[in-house]
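1. Prediction below, plus the sequence it came from.
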Amino acid sequence: MNTAIGVTGLRKSYGDQVVLDGIDLHVPAGTVFSLLGPNGAGKTTAVQILSTLITADAGTITVGGHDVERDPDGVRKAIGVTGQFSAVDKLLTGEENLRLMGELYRLPKQENHRRAAMLLERFNLVDAGKKVAATYSGGMTRRLDLAMTLVGEPRVIFLDEPTTGLDPRSRHQMWHIIRELVAGGVTVFLTTQYLEEADELADRIAVLDHGHIVAEGTAAELKRRIPGGYVRLHFTDVRELDTAARILGDPARDVDSLTLTVPNDGSRHALKALLDRLDDADIATDSLTVHTPDLDDVFFALTGHLTDDQKVQALS
């Protein structure tokens, strides 16, 4: 696959404070790449460098086929950025906000009007298009913010915590829009503190902590790195349950539900090995379920920081 974002040896410091220390990233075109990390880990700094808002101290960086240092204008033409804070002008209508962006891109008047109308329809903002943005809900404002990012038809989009503060319904609407963009070939670089969001959207995830990438992979790969996974086997009678328990080293059992809970990382190799041991003894399972640690567990194990959800659970 073509590389949409390539980063080698990215470094950034402010005085004695090292924010990014030798970051390497590879993001294939037409995928969602999520950068996770606690507050202050350097996520926003990375986005600002990749989008040419600030310069790196060292490293080779290409975005959309353009070198960030040698061809920043080429990068800017290829990207769109939706930051943590809305770029929407609250005193303008939704349509006026979109047309203003079109004027900044120097679109011909007719094309500017066409593109604004198309984006209002795409983001379900047609009825709100003539209303000033100050009357919009949080979800509507965020949708307009993303629509403004798309006026220039970018092939690479940076979304820096795009759903912070949104209610669950609005967040799921944004997820749907992001999936549609990627299905159309757009590359999305996503930073978020919502682990569920990364799990739902990202093809690959990198965890950033103290300026270093401490882990990278798919959500499933990261979960398998953390101890605590298990397979729950269900049997049709207690005789098979007891026989399977002896073969598997006497794992935790529940006689009432006829289940065994066996430590297992959930990988294909580990599952096959488990089932082969039962097949060799001519024991059939009625069903099985695989349980792996979630991304909250991964995040805490790798960074030592609780996620927002874990903080709430600790206080409840």
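-> Cool, the structure landed.
2. Tell me which stretches of the stretch 151-300 of the chain form strands.
-> Ranges of strands in the stretch 151-300 of the chain, per DSSP state E, counting those that start in this stretch, are 156-160, 187-191, 204-209, 212-217, 230-234, 252-254, 259-263, 287-291.
3. I'd like the ones you listed written out as CSV, with mean neighbour count, distance to residue 143 and mean pLDDT added.
-> The way it works is simple: take the backbone N, C-alpha and C, and place the C-beta from them, glycine included. Formatted as CSV, the strands of the stretch 151-300 of the chain follow (neighbours: other CB atoms under 10 Å; distance: least, CB to CB, whole Å; pLDDT from 0 to 100):
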stretch, mean neighbour count, distance to residue 143, mean pLDDT
strand 156-160, 24, 13, 94
strand 187-191, 25, 15, 95
strand 204-209, 23, 25, 93
strand 212-217, 17, 30, 93
strand 230-234, 20, 40, 92
strand 252-254, 15, 47, 91
strand 259-263, 19, 44, 92
strand 287-291, 13, 35, 89
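4. Adding distance to residue 48, write those out as a markdown table.
-> Output for the strands of the stretch 151-300 of the chain, formatted as a markdown table (distance: least, CB to CB, whole Å):
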| stretch | distance to residue 48 |
| --- | --- |
| strand 156-160 | 9 |
| strand 187-191 | 11 |
| strand 204-209 | 14 |
| strand 212-217 | 17 |
| strand 230-234 | 42 |
| strand 252-254 | 49 |
| strand 259-263 | 43 |
| strand 287-291 | 39 |
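5. Spatially nearest residue to the residue nearest to the spatial centre of the chain, not counting backbone neighbours?
-> Central residue of the chain (CA atoms, centre = their mean): residue 198, 3.0 Å from the mean position. Nearest residue to residue 198, sequence neighbours excluded (CB to CB, 6 or more residues apart in numbering): residue 34, at 4.1 Å.
6. Relative to residue 12, how far out is that neighbour?
-> Distance, residue 34 to residue 12, by CB to CB, to the nearest Å: 20 Å.
7. cool, residue 180 as well?
-> For residue 180, the distance to residue 12 (CB to CB) stands at 33 Å.
8. Check which residues of stretch 157-173 are buried.
-> 157, 158, 159, 160, 161, 162, 163, 166, 170, 171, 173 (16 or more other CB atoms under 10 Å).
9. rewinding a little: which one of residue 34 and residue 12 has more residues nearby?
-> Taking neighbours as other CB atoms under 10 Å, residue 34 and residue 12 compare with residue 34 leading, 26 against 22.
10. Spit out the contact partners of that one.
-> Counting by CB atoms under 8 Å, 6 or more residues apart in numbering, residue 34 touches 190, 191, 192, 197, 198, 201, 202, 204, 205, 206.
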